[in-house]
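Asker: Build me a model:
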Amino acid sequence: MMAHLGKFFTIAVVVLSTVAESSPKPNVLFIAIDDLNTCPEGFDGETTVSTPNLSRLASMGVRFTNAHCAAPACNPSRASVMTGLAPATTGVYLNTHDWRSNQVLVNRTTLPQHFQNNGYRTLGGGKLYHGSTLSDGMSHEGYLNPKPWDAYFPSKTQQFPQEVEPERRPMNGSSKQYRGYMDWAPLDIETSEMGDAKVVAWAESQLSRTHDKPLFLAVGIYRPHIPWWTPREYFERHPLESVALPKVVEDDLSDVPEAGRAMRKQGWHDWMEANGKWREAVQGYNASVSFTDDMVGRLLDALEKGPHADNTIVVLWSDHGYHLGQKEHWEKFALWEQTTRVPLIVAAPGSFRSGASCSEPVSLLDLYPTLNELCDMPLPTKLDGRSLVPLLENPDQTTGRAIICTQGFGNHAVRSADWRYIRYADGSEELYDQVQDARNFYNLAADARFESVKRELATWLPESNAEPHPTFNGQQAMNEKFEAMRDGR
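Answerer: This is a model prediction of the structure:
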């Protein structure tokens, strides 16, 4: 009898092992959005733009309401997501740094490479790295890494299709704002003509078919990055008279140190106010957000209708936040809440929570270890982030964690559950009570009552800062960049 039981147990183990080995690995739909500063309920609970498809995705998973980028600039932020390492670890601080030749990253196993190494078919399309050609004569600096992709749309040498643009630019009447780069206008075109729509159409076709391997499908949506040229219907969703400007306070920069003021694009804001363009600009941004939300909806529709609906992890993130005139600043490249806070939604099949929100501080650096754990792969190397799987299981738990965001060499923001502490390379500081002052209006750094708060938050700062990338000419280059930003160049 015991011999029969032993034989049965051996057979059972073999059967269970075979089942485990044959169980399909989950697919991954990895959606990267550029310059998106809104969440399904808007900033700080204030609805600014209706995003029904972001809300739809949030109902499928966990929405992280206190998520932050590792760097408020496209290249270092995206490099940190792809490599799992922070700027202070690698020395990749600016958009002009070629992260692929960085001495820390040159042999690094990137996120898509990790999936490819573990048996996934890796497909990428659109802006996933910082390099993307929009139109003839309008290219960003930046560096596409073609190696880890089985296929890329439109090609392994170009991240983005030829973009539609107006017959003349700028359309907003500016003559100095990046030669029309800081521009917006409704276009009398079909939505399908937009570069993002072409990327999404390609992704839809991938989601509609079966593949011989589990799928890692990364889709980069360029809008709402400037220029805000979108089909007219999206501007019509936001009549100018109904567009709300961001909440601001008078003399908001009076308590901000020079290092912080140097990061703002004063020339842009001065031009907006002098020419009465602020509301128009926000309208252009809002129109692009609505367009982007529609693109996300198309991806979700394709997933739900296709063969991968029940076995796909969906991750949606943006590389950084965005200013629309708060603190007299536009775009990113700063360390305030509007700049570092990003939308982040993770929806995973299985027993994880759905329709939940998590208010704990988390970082985009956490995406690499999270996907690694969800897909049950061996960790290739040390990562700077933490897996979010425990928070997907219990979004209400408290971690006591703080997140670091870095802008340039030696400038850091520490974001805890309740506070934001900024320390610049020159030692100057800002401190904001995120519970009472979510928009960072009142700098408390000089108030002696909060010395212990600053000391505690400072313990999260990097112990050291990696030397800047070899192509970066130290602080002089940083100063020149800030001077250009300040002058609106």
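Asker: for Tyr120, what are its contacts?
Answerer: Lys25, Val28, Lys213, Pro214, Leu215, Phe216 (C-beta atoms under 8 Å, 6 or more residues apart in numbering). C-beta: built from backbone N, CA, C; applies to glycine.
Asker: try 7 Å this time
Answerer: Taking C-beta atoms under 7 Å, 6 or more residues apart in numbering, we find Tyr120 in contact with Lys213, Pro214, Leu215, Phe216.
Asker: The closest residue to Ala425 other than its chain neighbours: neighbouring residues, count only.
Answerer: Nearest-residue entry for Ala425: Gly410, 3.2 Å, with adjacent residues in sequence omitted and distances by C-beta to C-beta, 6 or more residues apart in numbering. Neighbours of Gly410 under the rule other C-beta atoms under 10 Å: 20.
Asker: Hmm, Gly410 is touching Asn465, no?
Answerer: Yes - with contact defined as C-beta atoms under 7 Å, Gly410 reaches Asn465; the gap is 5.3 Å.
Asker: on that earlier part again, got the phi/psi numbers for the residue nearest to Ala425?
Answerer: Reported as degrees, to the nearest 10, the phi and psi values for Gly410 are phi 80, psi 0.
Asker: Can you check the contacts of Tyr120 and name whichever has the most neighbours?
Answerer: Phe216 (27 neighbours).
Asker: That one contacts Thr122, correct?
Answerer: Yes - using C-beta under 7 Å, Phe216 is in contact with Thr122, at 4.8 Å.
Asker: what's the following helix or strand after the lengthiest helix in the chain?
Answerer: Ranked by residue count and defined by DSSP state H, the top helix of the chain is helix 278-305. Once helix 278-305 ends, the next helix or strand along the chain (criterion: DSSP states H and E) is strand 312-318.
Asker: What pairs with that next one, parallel or antiparallel?
Answerer: strand 27-33 (parallel), strand 344-347 (antiparallel) (DSSP bridges).
Asker: Just put these in TSV and tack on mean pLDDT, mean neighbour count and distance to Ser254.
Answerer: Converted to TSV, those look like this (pLDDT from 0 to 100; neighbours: other C-beta atoms under 10 Å; distance: least, C-beta to C-beta, whole Å):
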stretch	mean pLDDT	mean neighbour count	distance to Ser254
strand 27-33	98	25	34
strand 344-347	98	26	33
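Asker: Any chance of those in JSON lines with distance to Asn75 as columns?
Answerer: Compiled in JSON lines, the strands paired with strand 312-318 are given as follows (distance: least, C-beta to C-beta, whole Å):
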{"stretch": "strand 27-33", "distance to Asn75": "13"}
{"stretch": "strand 344-347", "distance to Asn75": "19"}
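Asker: Contacts for stretch 98-115 next, please.
Answerer: 75, 79, 82-83, 85, 89-92, 117, 122, 124, 143, 145, 147-149, 216, 218, 368, 377, 380-381, 466, 469, 471.
Asker: Now list the buried members of the residues you listed.
Answerer: Listed as buried from those are 75, 79, 82-83, 85, 89-92, 122, 124, 143, 145, 148-149, 216, 218, 368, 377, 380, 466, 469; burial here means 16 or more other C-beta atoms under 10 Å.
Asker: which residues in the stretch 301-450 of the chain form helices?
Answerer: 337-340, 367-374, 389-393 (DSSP state H, counting those that start in this stretch).
Asker: quick one, which of these is nearest to Gly131?
Answerer: Distance to Gly131, taken as C-beta to C-beta, is lowest for helix 367-374 among the helices of the stretch 301-450 of the chain, at 20.1 Å.
Asker: And the helices in the stretch 51-200 of the chain, which stretches?
Answerer: So, for the stretch 51-200 of the chain - with DSSP H, counting those that start in this stretch - the helices run 52-60, 74-83, 87-90, 111-117, 195-207.
Asker: Now do the longest helix of the chain against helix 52-60, angle only.
Answerer: 50 degrees (axes from the mean of the first three to the mean of the last three C-alpha atoms, to 10 degrees).
Asker: what does the average pLDDT come to for helix 278-305?
Answerer: Averaging pLDDT along helix 278-305 gives 97.
Asker: what's it packed up against?
Answerer: Contacts defined by 3 or more C-beta pairs under 7 Å, 6 or more residues apart in numbering; DSSP states H and E place helix 278-305 against strand 27-33, helix 52-60, strand 184-187, helix 195-207, strand 215-221, strand 228-231, helix 232-236, strand 323-324.
Asker: got those as a markdown table, with distance to Leu457 columns?
Answerer: Compiled in a markdown table, these are given as follows (distance: least, C-beta to C-beta, whole Å):
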| stretch | distance to Leu457 |
| --- | --- |
| strand 27-33 | 29 |
| helix 52-60 | 29 |
| strand 184-187 | 38 |
| helix 195-207 | 38 |
| strand 215-221 | 33 |
| strand 228-231 | 36 |
| helix 232-236 | 40 |
| strand 323-324 | 23 |
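Asker: Figure out which of the ones you listed is closest to Glu250.
Answerer: Nearest of these (C-beta to C-beta): strand 323-324, 17.2 Å.
Asker: what lines up beside that closest one in the sheet?
Answerer: Under the rule (DSSP bridges), strand 323-324 has strand 330-331 (antiparallel) as partners.
Asker: Quick one: distance of the partner strand to the chain centre.
Answerer: Remark: strand 330-331 is offset 15 Å from the chain centroid, using C-alpha atoms, centre = their mean, to the nearest Å.
Asker: so how far is Glu163 from Lys127?
Answerer: 11 Å (C-beta to C-beta, to the nearest Å).
Asker: Which residue ranges of the stretch 351-489 of the chain form strands?
Answerer: 356-358, 362-363, 403-406, 412-415, 419-423, 429-433 (DSSP state E, counting those that start in this stretch).
Asker: Below-threshold pLDDT in the stretch 351-489 of the chain: ranges please.
Answerer: 469-489 (pLDDT under 70).
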